[in-house]
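Visitor: A structural model of the following input is requested.
(chains A and B)
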2 protein chains.
Amino acid sequence: MRCEQVRDYGVVVCDGSLPDLQDVLPMTSSGSLRALALTTPTVDRLYGDVLRRWLGRTGLDAIVDVMPLTEHTKTMEAALRVSAAAQRHGLGRRDVIVAFGGGVCSDVASVAASLTRRGIGHITIPTTLVGQVDAGIGLKGGVNFEGSKNYLGCFSPPQLALINPAYLRSLPARELRCGTAEIMKMALIRERALFDVLGENGVTLIGSGFSEPPDVARYVIARSVRLMLEELRPNSYEDQTLQRLVDFGHTFSATLEERSGYRLRHGEAVAIDMALSCELATRLDILDAREHDEILWSFKTLGLPISSPLMTLEAAYHAMDVTAAHRGGSLNLVVPPTIGEGMFIVDASEVHGGLLQASIDHLRSEAGHGPFPVSAVQRER
Amino acid sequence: MRCEQVRDYGVVVCDGSLPDLQDVLPMTSSGSLRALALTTPTVDRLYGDVLRRWLGRTGLDAIVDVMPLTEHTKTMEAALRVSAAAQRHGLGRRDVIVAFGGGVCSDVASVAASLTRRGIGHITIPTTLVGQVDAGIGLKGGVNFEGSKNYLGCFSPPQLALINPAYLRSLPARELRCGTAEIMKMALIRERALFDVLGENGVTLIGSGFSEPPDVARYVIARSVRLMLEELRPNSYEDQTLQRLVDFGHTFSATLEERSGYRLRHGEAVAIDMALSCELATRLDILDAREHDEILWSFKTLGLPISSPLMTLEAAYHAMDVTAAHRGGSLNLVVPPTIGEGMFIVDASEVHGGLLQASIDHLRSEAGHGPFPVSAVQRER
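Guide: Residues are numbered from 1 along each chain as shown, chains lettered A, B, ... in the order given. Now for the predicted structure:
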């Protein structure tokens, strides 16, 4: 027997305010929907009024559930708390869970929605840059389990993702750099032009909470979202191939995050992972040394970390083992042969110990030099 | 953006022994797979050797996890215990969880598989009649949550379901009657001929653990499976319509099960629900009275319950409310206009209180009469 599932979802990049829901989401004719909106105390303090006004305008019968959500509480317990709230509020199968917050919020909401009544809809309104260009627009929800990042989760596209760059103004620089790392990921494997725009405007964008220059901010976000969706579309459920360009920066990073006790943020770990992947690529004659320097310079200029004391040879081996198990036995390390393109190092045997150690050492010494001290990111903690 | 997911799954009705896996499941070329087999103490005692021999023959690197699983422990905690075992055993994304047991076992395994690494494969080998004709071959996994039956769950087709009627010989009569109720469901809404075969052979089948007459046993199971899959195929994820003929007997039953503290088995609750639905259909001039009598006679002959002290007017209303919430606001009560066909009573307002009360009362008095005392099923507890 063959089972086919087709789901549509829309991504709307807004221009300062959230659109009316009826303009962007085809509603069922069966009348008003119920909604459970999930948000965090910080986002509630900053934008809770915006959320409630918008919910009021939508005609949804909505309640707002405010829950502290961090990488530490991104667990099945949190997802089940949301499901219990959905049950108490009487959500039916055509009702929705709305995630109003960062990547952890949309991850937890997505897992809860996929389990509740065997799957109800969800809408994401990401309020962080990571959420807007990555976590909030993908199909994956995940929670940490028994020490493993995102070990449990689901593939469950949101019905709708509303991307409003206006929320980014209040973000701390560290958060903005984390999101910039994800944009950098898309640029390095897909589009040289986006890399150049980031290089020219990145410092201003981060300094202004992605409000200056406004056109550039919107372009960078919309472009990054578009490239991400293009990559996801043909392989949304990762059932066609386990070779995905968007896994660039996602081989060593989960191990770093776990071992830092999540003090290292996801975007920071991704940046360190991308730097190591590029270093390996250069040493394997895949990436030109001048382009490699250009990438490292760009990371340093934007304040993205390229090294960490946690990035040891042992950690690298562990990460490669764990990742290969998750990619059907193959390493599938993504590297850019040139800025704007991606390819895979399929077999772990190509990345031998001497090569790894030399790459780790070189990045560690490089981290001390450059236009800004790259360790600044760590010092902020 | 549009996301498409296509999954194939095979159902094999075996002839006394389990087939070689390589004959029925296209394996990946990447070598041997790991497997976690889930089973219960009772099944392990009866057929644990069969399972281990089969796992040995498959070339799977398998461990067997024996866990007590009942409707009471069909919870997210049980599913997470399975995921934790999968993690300890190092299951990768192309590895599988094997459910060797009844409906609860396949439900829990299915939920665990769908969450682990955001979804790994699972194979069901149902050892109960309910599992072989219903729970083990559908796409749905579910666990009970906060007092609601199957409130949390997933749509996740098994890669393979292996149906071996030989396991049914050791089942108690009560279990066999529960499975017969699910076969009766398919017969009443889809195929008069299957209803007639059940009428002629049902008592012998139940008495012999579906071993006599052997050809009839295999025919009844294979036919019921076939009809079930035909119904599921066009609407596997219940995203096309919430009107499903296979929901016959599944409107009042969940409430009865919950309120009995799961002392009433699923199949028994389904039988009581079908009897009430048919009674309502007759009183609404949808089902001919003679066919209704024929159905009740058949239920009684097979020892299927048609009434329960828990089936009150209040319970019926509660069940209708809960069901409508789960069916997008519509009742969609399935009734047979004639034996072998199904239709829907869409609107709850058509089933008014007087009608419900008269139907409940009539079935309660009917339960006292007949070829066998129908309350026998309850007395066995």
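Visitor: From now on I want contacts and neighbour counts done on CA atoms only, so please keep to that.
Guide: Will do.
Visitor: Please name the residues that touch the closest residue to chain B within the stretch 201-350 of chain A.
Guide: In the stretch 201-350 of chain A, the residue that lies nearest chain B is residue A:325 (4.7 Å; Cα to the nearest Cα). Listed by Cα atoms under 8 Å, 6 or more residues apart in numbering or on different chains, the contact partners of residue A:325 are B:90-93.
Visitor: how close does residue A:71 sit to chain B?
Guide: According to Cα to the nearest Cα, to the nearest Å, residue A:71 and chain B sit 17 Å apart.
Visitor: Which parts of chain A are helices?
Guide: For chain A, the helices defined by DSSP state H occupy A:21-24, A:41-58, A:76-88, A:103-115, A:129-130, A:173-190, A:192-207, A:214-232, A:253-259, A:266-283, A:289-302, A:313-326, A:353-366, A:376-379.
Visitor: Single out the most deeply packed of these.
Guide: For the helices of chain A, the largest average neighbour count (mean count of other Cα atoms under 10 Å in any protein chain shown) is found in helix A:103-115, namely a mean of 30.
Visitor: so that one versus helix A:76-88, what angle?
Guide: Computed by axes from the mean of the first three to the mean of the last three Cα atoms, to 10 degrees, the angle separating helix A:103-115 from helix A:76-88 equals 60 degrees.
Visitor: What sits closest to residue A:253 if chain neighbours are left out?
Guide: residue A:269 (4.7 Å; Cα to Cα, 6 or more residues apart in numbering or on different chains).
Visitor: That neighbour against residue A:259, yeah?
Guide: No - under the criterion of Cα atoms under 8 Å, residue A:269 is not in contact with residue A:259, lying 10.8 Å apart.
Visitor: Spatially nearest residue to residue A:250 (excluding sequence neighbours)?
Guide: Per Cα to Cα, 6+ apart, closest to residue A:250 is residue A:270, 6.1 Å.
Visitor: what residues are up against residue A:274?
Guide: So residue A:274 contacts A:185, A:248-250, A:306 (Cα under 8 Å, 6+ apart).
Visitor: Near chain B, which residues of the stretch 201-350 of chain A? Just list them.
Guide: A:229, A:233-234, A:236-237, A:239, A:325-329 (Cα under 8 Å from any Cα of the partner chain).
Visitor: Mind checking which of these are buried?
Guide: Neighbour-count burial (16 or more other Cα atoms under 10 Å in any protein chain shown) is assigned, among these, to A:229, A:233, A:236-237, A:325-329.
Visitor: And for residue A:6, the neighbour number?
Guide: Per other Cα atoms under 10 Å in any protein chain shown, the neighbour tally for residue A:6 reads 12.
Visitor: Count the residues that sit near the closest residue to it other than its chain neighbours.
Guide: Among residues not flanking residue A:6 along the chain, residue B:4 sits closest, at 4.6 Å (Cα to Cα, 6+ apart). Residue B:4 sits with 15 neighbouring residues when counted by other Cα under 10 Å.
Visitor: and what of residue A:15?
Guide: 12.
Visitor: same deal with residue A:240?
Guide: Neighbours of residue A:240 (other Cα under 10 Å): 12.
Visitor: how near is it to residue B:6?
Guide: From residue A:240 across to residue B:6, the span is 10 Å (Cα to Cα, to the nearest Å).
Visitor: mind listing what residue A:182 touches?
Guide: Neighbours of residue A:182 in contact, by Cα under 8 Å, 6+ apart: A:130, A:133-134, A:267, A:270.
Visitor: Against chain B, how distant is it?
Guide: From residue A:182 to chain B the distance is 20 Å (Cα to the nearest Cα).
Visitor: ditto for residue A:36
Guide: Distance from residue A:36 to chain B, by Cα to the nearest Cα: 15 Å.
Visitor: which ones are touching that residue?
Guide: A:62-65, A:85-86, A:89, A:91, A:96-98.
Visitor: again, 10 Å this time
Guide: Neighbouring residues of residue A:36 by Cα atoms under 10 Å, 6 or more residues apart in numbering or on different chains: A:60-65, A:82-83, A:85-87, A:89-91, A:95-99, A:109, A:122.
Visitor: If we ignore the residues flanking it in sequence, what's nearest it?
Guide: Using Cα to Cα, 6+ apart, the closest residue to residue A:36 is residue A:97 (4.8 Å).
Visitor: is the one you found in a bridge, and if so with what?
Guide: residue A:36, residue A:122 (DSSP bridges).
Visitor: ok, residue A:102 - contacts?
Guide: A:39-40, A:43, A:69-70, A:124-132, A:135-136.
Visitor: Drop anything exposed from these.
Guide: A:39-40, A:43, A:69, A:124-132, A:135-136.
Visitor: what's the closest of the residues you listed to residue A:367?
Guide: residue A:130 (23.6 Å; Cα to Cα).
Visitor: where does the closest residue to that closest one other than its chain neighbours land on pLDDT?
Guide: Once flanking residues are discounted, residue A:130 sits nearest to residue A:179: 4.1 Å by Cα to Cα, 6+ apart. Looking at residue A:179, its pLDDT stands at 97.
Visitor: Likewise for residue A:24?
Guide: Value for residue A:24, per-residue pLDDT: 74.
Visitor: was I right about it contacting residue A:12?
Guide: Yes - if you go by Cα atoms under 10 Å, residue A:24 and residue A:12 touch, sitting 8.0 Å apart.
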